[in-house]
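*Asks:* pasted the sequence and its predicted model underneath.
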Amino acid sequence: MTLIKETPSIKLKFSSYEVFVILLLALTQFTVVLDFMVMSPLGDMLMKSMGLSTSQFGLCVSAYAFSAGISGLLTAGFADRFDRKSLLLFFYIGFIAGTLFCGLADTYPKLLLARIFTGIFGGVIGSISMAIVTDMFVIENRGRVIGYLQMGFGGSQVLGIPISLYIANHWGWQSPFLMIVALASLILFAIIIKLKPVNEHLLLKSERNAIEHLWHTLTLRKYRIGFLATAFLSLGGFMMMPWGSAFAINNLNVTSQQLPILYMVSGITALFIMPVIGKLSDRFDKFTIFTVASVLLSIVVIIYTNLGPVAFWVVLLMNLGFMVGIMSRMVPAVALSSALPEKQDRGAFMGINASLQQIAGGIAAAFGGMVVVQKDKFSPLEHYDTLGYIIVFLSIVSIFLIRRVSKLIKSAE
């Protein structure tokens with residue numbers, strides 16, 4: 001398969017303020033992603049310390065996703081009626097409060113309620129950030145911006161997760177959440193002081209009320225295709241991710257000391273690969289890059305989910321393949337989806353898109369908890385390979401859906 005070269009009008013340099021906005025949004029993403037991602041490496045510790053079953057832990061993960069999805073749908077109709085900075089502040093403050101509640105939880109019901117509360121606010125922040133990016137940067141430069149923005153994902157694994165695991169081993173599983181609260185509070189201060197209002201979209205008057213605006217965004221055919229493509233992208237990751245640490249420790253014989261190294265190496269790979277993929281997405285056909293990455297990811301998934309006890313370097317190699325495949329799919333897919341909505345619909349589109357992504361992820365996490373079985377706290381996970389085969393099928397469907405999104409965008413040019 002050959003890469004089809006596009007004819008971009010790429011702006012080579014960003015202004016100092018644009019660089020600041022990218023950095024600020026990346027740091028915001030870092031805290032939100034870390035809050036969600038840390039549940040997976042803490043999974044084995046949580047299940048053992050609280051005596052949780054795989055289905056109960058899966059519910060903790062899916063509760064965040066479901067609440068985030070419902071919250072996003074409820075706020076999507078209003079998203080284009082407010083300054084995006086004000087929206088970001090409101091939901092980020094709620095996210096900080098919810099993360100604090102997670103750090104203070106000492107029982108399973110309290111933790112479950114805290115995850116629901118955090119999801120209500122945290123799940124909307126990504127869509128607000130994407131709306132800001134879409135407002136500020138043209139499509140020809142957006143792949144690079146999204147690549148930099150998604151470095152928050154890699155950063156959470158390079159620094160966030162290893163540090164979180166280290167302090168969790170010393171001060172308990174609640175301590176990573178308290179660390180996130182402290183860091184997020186500093187970022188909140190920077191948003192208040194430095195971020196300018198993002199309200200150009202308010203000049204585009206709409207006679208629709210919030211409900212009508214939401215319904216209008218939902219009923220447009222090209223938007224629905226984008227929503228469906230994003231939802232299928234989320235199913236695979238959420239189905240497999242929550243059991244990552246438990247599978248590594250109980251099936252692959254990775255030790256608790258090796259686990260931070262595993263996440264750190266994966267994160268470093270993400271930090272290097274995302275800017276590269278972002279630039280490639282601006283230079284070459286985004287759908288082609290997505291397809292190649294999907295094939296690579298499917299091969300790695302099949303091999304990894306069928307592994308037994310192996311040398312640590314093999315586990316490292318497989319996780320590197322995961323990270324390259326996931327990031328190489330995410331960046332071009334997000335860049336393509338961001339080109340679908342009109343300016344006056346961007347907030348609603350991004351909100352609905354993020355909501356359906358979270359809801360799909362919640363369904364996947366709950367489903368994964370029912371498929372995967374662990375007989376006792378120290379037994380290997382069973383039926384993890386079944387999840388792998390399901391994920392490959394979902395990847396194939398995603399290729400067809402992203403292809404339709406790509407065609408819609410090219411036909412509109």
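*Replies:* Ah, there it is.
*Asks:* which stretches of the stretch 251-400 of the chain form helices?
*Replies:* 258-283, 286-305, 312-338, 346-371, 384-412 (DSSP state H, counting those that start in this stretch).
*Asks:* in the stretch 51-200 of the chain, where is pLDDT below threshold?
*Replies:* 76-81, 139-143, 147, 150-160, 199-200 (pLDDT under 70).
*Asks:* most packed of the helices of the stretch 251-400 of the chain?
*Replies:* The highest mean neighbour count among the helices of the stretch 251-400 of the chain, using mean count of other C-beta atoms under 10 Å, belongs to helix 346-371: a mean of 25. To be clear about C-beta, it is placed using only N, CA and C from the backbone, and glycine gets the same treatment.
*Asks:* so it versus helix 384-412, what angle?
*Replies:* Helix 346-371 runs at 160 degrees relative to helix 384-412, counting by axes from the mean of the first three to the mean of the last three C-alpha atoms, to 10 degrees.
*Asks:* thinking again about what came up before, the helices of the stretch 251-400 of the chain into TSV, with extra columns for distance to Ile193?
*Replies:* Output for those, formatted as TSV (distance: least, C-beta to C-beta, whole Å):
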stretch	distance to Ile193
helix 258-283	27
helix 286-305	36
helix 312-338	28
helix 346-371	23
helix 384-412	37
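*Asks:* tell me which of those sits nearest to Ser71.
*Replies:* helix 346-371 (7.4 Å; C-beta to C-beta).
*Asks:* how far does that closest one sit from the chain's center?
*Replies:* Between the centre of helix 346-371 and the centre of its chain there are 10 Å (C-alpha atoms, centre = their mean, to the nearest Å).
*Asks:* mind giving me the packing neighbours of it?
*Replies:* Under the contact criterion of 3 or more C-beta pairs under 8 Å, 6 or more residues apart in numbering; DSSP states H and E, helix 346-371 touches helix 54-76, helix 108-136, helix 210-219, helix 221-240, helix 384-412.
*Asks:* mind checking those helices for the one nearest to Gln258?
*Replies:* Here helix 384-412 is closest among the helices and strands packed on helix 346-371 (C-beta to C-beta), at 18.9 Å.
*Asks:* tell me the helices and strands packed up against the closest one.
*Replies:* Here helix 384-412 touches helix 221-240, helix 286-305, helix 312-338, helix 346-371, going by 3+ C-beta pairs under 8 Å, 6+ apart.
*Asks:* what sits up against stretch 118-125?
*Replies:* 28-29, 32, 35-36, 63-72, 75, 87-88, 91-95, 97-99, 101-102, 351, 354-355, 358 (C-beta atoms under 8 Å, 6 or more residues apart in numbering).
*Asks:* drop anything exposed from those.
*Replies:* 28-29, 32, 35-36, 63-72, 75, 87-88, 91-95, 98-99, 101-102, 351, 354-355, 358 (16 or more other C-beta atoms under 10 Å).
*Asks:* re the thing from before, Leu252 is nearest to which of the helices and strands packed on helix 346-371?
*Replies:* Comparing those by C-beta to C-beta, helix 384-412 comes nearest, at 10.4 Å.
*Asks:* for stretch 357-372, list the C-alpha coordinates in CSV.
*Replies:* Output of stretch 357-372 as CSV, limited to C-alpha atoms (Å, rounded to 0.1, in the frame of the first residue of the first chain):
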residue,chain,number,x,y,z
GLN,A,357,-16.7,7.5,22.7
GLN,A,358,-17.0,7.3,26.5
ILE,A,359,-20.3,5.4,26.4
ALA,A,360,-18.9,2.9,23.9
GLY,A,361,-15.9,2.6,26.1
GLY,A,362,-18.1,2.0,29.2
ILE,A,363,-19.9,-0.8,27.4
ALA,A,364,-16.6,-2.3,26.3
ALA,A,365,-15.1,-2.2,29.8
ALA,A,366,-18.3,-3.7,31.3
PHE,A,367,-18.3,-6.4,28.6
GLY,A,368,-14.7,-7.1,29.1
GLY,A,369,-15.3,-7.6,32.8
MET,A,370,-17.8,-10.3,32.0
VAL,A,371,-15.6,-12.1,29.5
VAL,A,372,-12.4,-12.1,31.5
